[in-house]
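Novice: Next input, structure requested:
(chains A, B and C)
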Amino acid sequence: MARRFTLAEIENFLNSADLKTELKGDGECSITGLQSLIDAGAGELSFLSDKSFAKYLEDCRASAVILQPAMADRFHGNKLITANPYAAYARVSALFDPLPKAAAGIHPSAVVAETAEVDPSASIGPAAVIGDQAVIGASTSIAAGCFVGDRSVIGANSNIAANVSIYHDVVIGDRATIHSNSVIGADGFGFANDQGRWIKIHQLGGVTIGDDVEIGACSTVDRGALGDTVLENGVIIDNHVQIAHNVRVGENTAMAAFVGISGSTRIGKNCTFAGQAGVVGHIDICDGVHITGRTVVSKSITEPGSYSSGTRISKTSLWRKNAARFNQLEEMAQRLKTLEKKLGGPK
Amino acid sequence: MARRFTLAEIENFLNSADLKTELKGDGECSITGLQSLIDAGAGELSFLSDKSFAKYLEDCRASAVILQPAMADRFHGNKLITANPYAAYARVSALFDPLPKAAAGIHPSAVVAETAEVDPSASIGPAAVIGDQAVIGASTSIAAGCFVGDRSVIGANSNIAANVSIYHDVVIGDRATIHSNSVIGADGFGFANDQGRWIKIHQLGGVTIGDDVEIGACSTVDRGALGDTVLENGVIIDNHVQIAHNVRVGENTAMAAFVGISGSTRIGKNCTFAGQAGVVGHIDICDGVHITGRTVVSKSITEPGSYSSGTRISKTSLWRKNAARFNQLEEMAQRLKTLEKKLGGPK
Amino acid sequence: MARRFTLAEIENFLNSADLKTELKGDGECSITGLQSLIDAGAGELSFLSDKSFAKYLEDCRASAVILQPAMADRFHGNKLITANPYAAYARVSALFDPLPKAAAGIHPSAVVAETAEVDPSASIGPAAVIGDQAVIGASTSIAAGCFVGDRSVIGANSNIAANVSIYHDVVIGDRATIHSNSVIGADGFGFANDQGRWIKIHQLGGVTIGDDVEIGACSTVDRGALGDTVLENGVIIDNHVQIAHNVRVGENTAMAAFVGISGSTRIGKNCTFAGQAGVVGHIDICDGVHITGRTVVSKSITEPGSYSSGTRISKTSLWRKNAARFNQLEEMAQRLKTLEKKLGGPK
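Specialist: Next comes the predicted model:
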């Protein structure tokens, strides 16, 4: 049952994945798993991507290591030499994924509408529900307990894990991964206030998700109020992320856990949002922006680069004093100005 | 299949919903959808609620626009004139909601306890489970994969989306909407510490939710430890919100995504909590309080108004310096005082 | 149906639970529930753990009260005297838990793989799915709509609530509680960047969870990239918590709602994390650390104690000014230094 590849097979696999790789050593060496430099043992392939770990090469017991050309001489065993060892590790990891492959076909306990189109190579798991006119593409797996609403379309080779809820009028591309208990297409949070009471704004748009998108567990992408919420190709999203209605997220942008994007905000390509970052609504963030953990983005960003907010950790006893002073900052600034005047200016 | 109404029908609908509305133009004009001023085309109804968008009226191609009396002259086509165009848009949005209507009756794959009472007009979806002595009201829909525990009661005209989990002894009123994968009535987080080990405090209370409440996706409302957690009528809650045990939330209070309310806190009526705000336990917040995004409420609030905490975004390079200084604020304040003394007081 | 115990039975129960307890008063007194000092009435047992509530003892109408020896004289009715009344209350709460007991056996609508091992005393609820070679221990309940992946093992006397998703290769100990819609073993958020595109790092590890662990609703514990993510015995976790891949959480550590722990971080024993705290990846936190609400832990902590970050709430109008000054703190510090130089040093 264990997966097993020779080092030469792995070399070929990487070259075929456009990661130019050169093997040095025994191509017949048998690899049964991946492991870190420190923990690897016989039969395992390791990798060096962060140079600060180079010190572990000497005692590394891996059967082979993936390295950059500049580091090749530092390891004396079998090696795969390539420009981006971390990308090579990522590619090879697919060979050893223990994720069970779902069998093609519709489980007898699934409930599939007569008007739904399910590709014969697709897998619909136990107790899954597929709505009217929904379309499930080739080799796509809809796991146990998932709900796919009317008219929603999921492309080929996608993997929707157990208990995901996908509402009506959602379009998802090819090679999507959506982890368990996430929700795509729930209503955006739209209400008009009429003399203190909230009147629901029914959310008439849908959700459009491109190809090669990954969404973690317990995350939400709301449907649009008018027009769709959009995740472009290659977007990756961690657990507990909230994408509000009518947000647009550009290609290859990444968001870590608990990131929240408020309604109608547009985010560029190749941005990264670290954990617990938040973005207000109705703003634009340009391409190539990095938002550090827990930062609140309260206005549009027009220049690529790294942005932050928040304060640094300290002992609570000290923090209490400093936090109290924060609420006196305006007053302190005024007092500083007064002193400067008395002394004849800031210089 | 597309919904279609004449402008006169929409005028009547708004007047019957207590939004006094006057039609000017062609009452026979056929409306098939809603759209923003910028994107609207033939057959679409638009609205102007934010005056900064008035500039788009001139070139607007909507078949009709909802406007305030003061703005009526700015649009030359068909119009619906009313005091609160945003509320009118909200009301009309219900006419065009593409949400599929669930068929009345119990799906053969649902599991309904013999002692449960399900109204004949209610819909129980595939693989849904209804516990002993649970009650499901008229025209209420319990979608696929939902769980409703023993003795829980859900009122009429409510809409519980797929994969929602409702524990035992939960009461939910009429016209509730609960989005997918939310959880009502899980245990509050209560533990007593006994020499380093945690002893679970079983949560003996339930949850009581009033009428006209909306709860987003992946949100949680915990059951009470002793006595119930309560959401009063008209409360609206976004995705990823946490309401801890024994919290009470007053009428028409609104909470955006990731808001967390800690145990036993009482919140007044008509409050609003922007995204990622947090509230500590065992405090009181009066009516009419607005909490801005990401604010931590660490003490009771007795005066209506807007409250905030946190810092503003800047480039990370600058933020690093300022955040380091934050942890020196107490010291800076002391140094400022010393200087003032040397110079004969703060004035 | 109501549960009913004599005070003497409760005294015995506490002593058998290693909480030495002495009864004073009528051992035949019948107890049908628990309640706070203020709300308790006839038939109810109350407790005094926080001395500031001692003032309520005089008018308390409970049939009996649990108190510390030093407080025993303050209540004139029946009493249970013990060193830790809060722990005693926690123990007694188990006697009155209204949580319905699931019937042993596999529901006809559940889908259990032929190679799975389900103990005959275990309960598998409606529409639950148990994968190949999965093992479900004695008296464990897997509620409606749960998914348990291939090769996952759940110990004895555990309680997995409705719609929980447990992936493959997850090990969970005895006496676990996992609340609804939580997800154990979804992929960690690992991607390598190759010229702007993200390449998925398949997550080859699993999750190992010890005994006596509680996990709230809508929480996530990701599987490891290489090797397992680990929660040690006695860890308690609230709702909406994120434990990233390869994190290790030490015994009896507690985390409140919205806490997020980033990848590969190691956390000691007996730590507490208040709500919305966040921890960056690849750091170590020693035993006995307390992190206050909303704090960001951005570096390793080697000394037990309480740590904080963030700012304090104020009126928004004042906050705006102070927050603007925060972004000038470095400049203010420089100006302060200049003044000190002019005046001959800080002293």
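Novice: how about the residues of the stretch 101-250 of chain A near chain C?
Specialist: A:107, A:109, A:125-127, A:143-145, A:161-163, A:177, A:179-181, A:214, A:216-218, A:234, A:236, A:238-240 (C-beta under 8 Å from any C-beta of the partner chain). Using the backbone N, CA and C atoms, a C-beta is placed for each residue, glycine as well.
Novice: give me the low-pLDDT residue ranges for the stretch 201-347 of chain A?
Specialist: Within the stretch 201-347 of chain A, the segments meeting pLDDT under 70 span A:345-347.
Novice: if you set the cut-off to 90 instead, what comes out?
Specialist: Scanning the stretch 201-347 of chain A for pLDDT under 90 picks out A:343-347.
Novice: Return only those of the residues of the stretch 101-250 of chain A next to chain C found close to chain B.
Specialist: A:Ser109, A:Ala127, A:Gly145, A:Asn163, A:Asn181, A:Cys218, A:His240.
Novice: List the ones among these that fall in strands.
Specialist: Using DSSP state E, no member of those falls in strands.
Novice: Make TSV from those residues and add neighbour count to it.
Specialist: Shown next, in TSV, are those (neighbours: other C-beta atoms under 10 Å in any protein chain shown):
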residue	neighbour count
A:Ser109	19
A:Ala127	31
A:Gly145	32
A:Asn163	33
A:Asn181	33
A:Cys218	31
A:His240	30
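Novice: immediately after the helix or strand A:Ala90 falls within, which helix or strand?
Specialist: Here A:Ala90 sits within helix A:85-93, counting by DSSP states H and E. Downstream of helix A:85-93, the next assigned helix or strand under DSSP H and E is strand A:105-106.
Novice: any bit of the helix holding A:Ala90 sitting next to chain C?
Specialist: Yes: part of helix A:85-93 sits near chain C under the criterion C-beta under 8 Å from any C-beta, namely A:Tyr86, A:Ala87, A:Tyr89, A:Ala90, A:Arg91, A:Ser93.
Novice: what about that helix, distance to the chain center?
Specialist: 17 Å (C-alpha atoms, centre = their mean, to the nearest Å).
Novice: for stretch A:167-176, same thing?
Specialist: 16 Å.
Novice: next one: stretch A:205-218
Specialist: Centre-to-centre, stretch A:205-218 and its host chain are 10 Å apart (C-alpha atoms, centre = their mean).
Novice: end to end, how far does it reach?
Specialist: For stretch A:205-218, the first-to-last residue distance is 22 Å (C-alpha to C-alpha, to the nearest Å).
Novice: same thing with stretch A:283-294?
Specialist: Chord length of stretch A:283-294, first to last residue, is 18 Å (C-alpha to C-alpha).
Novice: Pull out the buried residues from it.
Specialist: Going by neighbour count (16 or more other C-beta atoms under 10 Å in any protein chain shown), the buried part of stretch A:283-294 is A:Ile283, A:Ile285, A:Cys286, A:Gly288, A:Val289, A:His290, A:Ile291, A:Thr292, A:Gly293, A:Arg294.
Novice: Out of those, which is nearest to chain C?
Specialist: Using C-beta to the nearest C-beta, A:Arg294 comes nearest to chain C of the buried residues of stretch A:283-294, at 5.0 Å.
Novice: what's the distance between A:Lys51 and chain B?
Specialist: 23 Å (C-beta to the nearest C-beta, to the nearest Å).
Novice: try A:Gly27
Specialist: To chain B, A:Gly27 is 46 Å away according to C-beta to the nearest C-beta.
Novice: A:Gly149 too?
Specialist: 7 Å.
Novice: out of the buried residues of stretch A:283-294, which are inside strands?
Specialist: A:Ile285, A:Val289, A:His290, A:Ile291.
Novice: Next, find the distance separating the nearest residue to the second one once chain neighbours are set aside from chain C.
Specialist: Just to be clear, that refers to A:Val289. Distances taken as C-beta to C-beta, 6 or more residues apart in numbering or on different chains put A:Cys271 closest to A:Val289, at 4.6 Å, once the chain neighbours are dropped. Distance, A:Cys271 to chain C, using C-beta to the nearest C-beta: 11 Å.
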